[in-house]
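> Please work out how this folds:
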Amino acid sequence: MSTSRPEPSLLEHLDLSQLNCLNEIADHNLKGLLAKKARNTADDYLLSDTDEQLLLNIHFNQSVRVRSIVLHTSESQKGPKSIKLLVNRPALGFEDVENAEEPEAAQVLEIPEDAVREGRPIALRFVRFQTVNSLHIFVNSNHGGEDATRIDAIDVFGFPSGTGKDWSELKKQADE
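Prediction:
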């Protein structure tokens, strides 16, 4: 990953109508966290409900290439530790991801506690995230073994792959 030029956030390419999260508390949900299509800097946060597991379903309005993600929390003991990433699944439930391993899951990660506390990007195996229409993040556990997992900010970095449902760029070029 090059340090000379930061990769752009892909949050502007979110399809907000398709965002959802399983096991979230209604007052602290994924849509509230990502509604501005930018990294959250407000007091909003995502919080799990009945246990520490969360299943975030993040859909984009065009295909993207994902290089890294950020899962940031102000309470590191409640921050995500063990996660599984899957791509381009039409519908997922916990039963689909709990026992998934690579290669069914695009990547399985243990996130260092300082990475979630500091909000550092977590590099992904870029080759497995080339044509992503939807990214599914399964949080299996948190750092403190807490009953709830908390995420204060999410970001996804990479590049649009040039195909999808967002024709605004093409229209701008045609008008020039």
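> ranges for the helices of the chain?
Taking DSSP state H, the helices of the chain run over residues 30-34, 94-97, 113-118, 168-175.
> and the third one, what does it pack onto?
Based on contacts counted as 3 or more CB pairs under 8 Å, 6 or more residues apart in numbering; DSSP states H and E, the elements that helix 113-118 packs against are strand 54-72, strand 80-87. Where you see a C-beta, it was placed from the backbone N, CA and C, and this is true even at glycine.
> TSV please, covering the ones you listed and showing mean neighbour count.
Formatted as TSV, the helices and strands packed on helix 113-118 follow (neighbours: other CB atoms under 10 Å):
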stretch	mean neighbour count
strand 54-72	22
strand 80-87	22
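> Residue 33 is nearest to which of the ones you listed?
Smallest distance to residue 33 across the helices and strands packed on helix 113-118 (CB to CB): 9.5 Å, for strand 54-72.
> which other helices and strands contact that closest one?
Against strand 54-72 (3+ CB pairs under 8 Å, 6+ apart) you get strand 20-22, helix 30-34, strand 80-87, helix 113-118, strand 122-123, strand 132-142, strand 150-151, strand 153-164.
> try it again with 7 Å
strand 20-22, strand 122-123, strand 132-142, strand 153-164 (3 or more CB pairs under 7 Å, 6 or more residues apart in numbering; DSSP states H and E).
> Highest mean neighbour count out of these?
Most buried of those by mean neighbour count (mean count of other CB atoms under 10 Å) is strand 132-142; its value is a mean of 22.
> contacts for it?
For strand 132-142, contacts defined as CB atoms under 7 Å, 6 or more residues apart in numbering pick out 52-60, 63-66, 78-89, 92, 97, 149, 156.
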